[in-house]
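A.B. asks: Coordinates only, no sequence provided:
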């Protein structure tokens, strides 16, 4: 059932994207983690929770949330669809449950929707799939690379020492 008609002035709940930042829950903002290997050795690795792509960890996680508010419109479109009645102004469309007669009612609904969406977004950020596996892989990989590089350094150190012993010899 249509509640409003073309030309009515109403208040609608609006959504806009806003960037927010939280301290990384894994590294507490430090950008690194300390892993204790099976032999008791402690290694420090970059935090994968706050690293994006090839960038180093930032100690914080950026995410976008909807900022929900209220705005007054003059209805110039009323559509009926399988989802219900849609009201609109210019190119913007609003479902009937987001349209109100007063600013107070629209703002009250926007507060409820905003709190719900923010809670869902934060819950999603704090859950990571297989994060322990990634940390273990990271620790293993970097430990292996360090051992490999230490062998290379030792090889070149021996070559340098051999060259130093033979300094006086002709080539």
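C.D. replies: Nice, I can see it. These numbers come from a predicted model, not from an experiment.
A.B. asks: which one's the longest helix in the protein?
C.D. replies: Identified as the longest helix of the chain according to DSSP state H is helix 131-165.
A.B. asks: Show me what the helix or strand of the chain with the lowest mean pLDDT is packed against.
C.D. replies: Among the helices and strands of the chain, helix 131-165 carries the lowest confidence by mean pLDDT, DSSP states H and E, at a mean of 79. Under the contact criterion of 3 or more Cβ pairs under 8 Å, 6 or more residues apart in numbering; DSSP states H and E, the helices and strands touching helix 131-165 comprise strand 32-36, strand 42-46. The way it works is simple: take the backbone N, C-alpha and C, and place the C-beta from them, glycine included.
A.B. asks: Could you dump the ones you listed into CSV with mean neighbour count, mean pLDDT and distance to residue 64 added?
C.D. replies: Rendered in CSV, the data for those read as follows (neighbours: other Cβ atoms under 10 Å; pLDDT from 0 to 100; distance: least, Cβ to Cβ, whole Å):
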stretch, mean neighbour count, mean pLDDT, distance to residue 64
strand 32-36, 15, 89, 26
strand 42-46, 15, 90, 24
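A.B. asks: For residue 107, give me its contacts.
C.D. replies: Residue 107 makes contact with 69, 70, according to Cβ atoms under 8 Å, 6 or more residues apart in numbering.
A.B. asks: ok, and it, which helix or strand is that part of?
C.D. replies: If you go by DSSP states H and E, residue 107 is part of helix 103-125.
A.B. asks: In that helix, which residues are buried?
C.D. replies: Judged by neighbour count using 16 or more other Cβ atoms under 10 Å, the buried positions of helix 103-125 are 106, 107, 109, 110, 114, 121, 122, 125.
A.B. asks: How about stretch 67-81?
C.D. replies: By neighbour count, with 16+ other Cβ under 10 Å as the criterion, the buried positions of stretch 67-81 are 68, 70, 71, 73, 75, 78.
A.B. asks: I'd like the average pLDDT over it.
C.D. replies: The average of the pLDDT scores along stretch 67-81 is 88.
A.B. asks: Contacts for it, please.
C.D. replies: Applying Cβ under 8 Å, 6+ apart, the contact partners of stretch 67-81 are 2, 4-18, 85-90, 92-94, 100, 103, 106-107, 110-111, 113-114, 117.
A.B. asks: Alright, that wraps it up for me.
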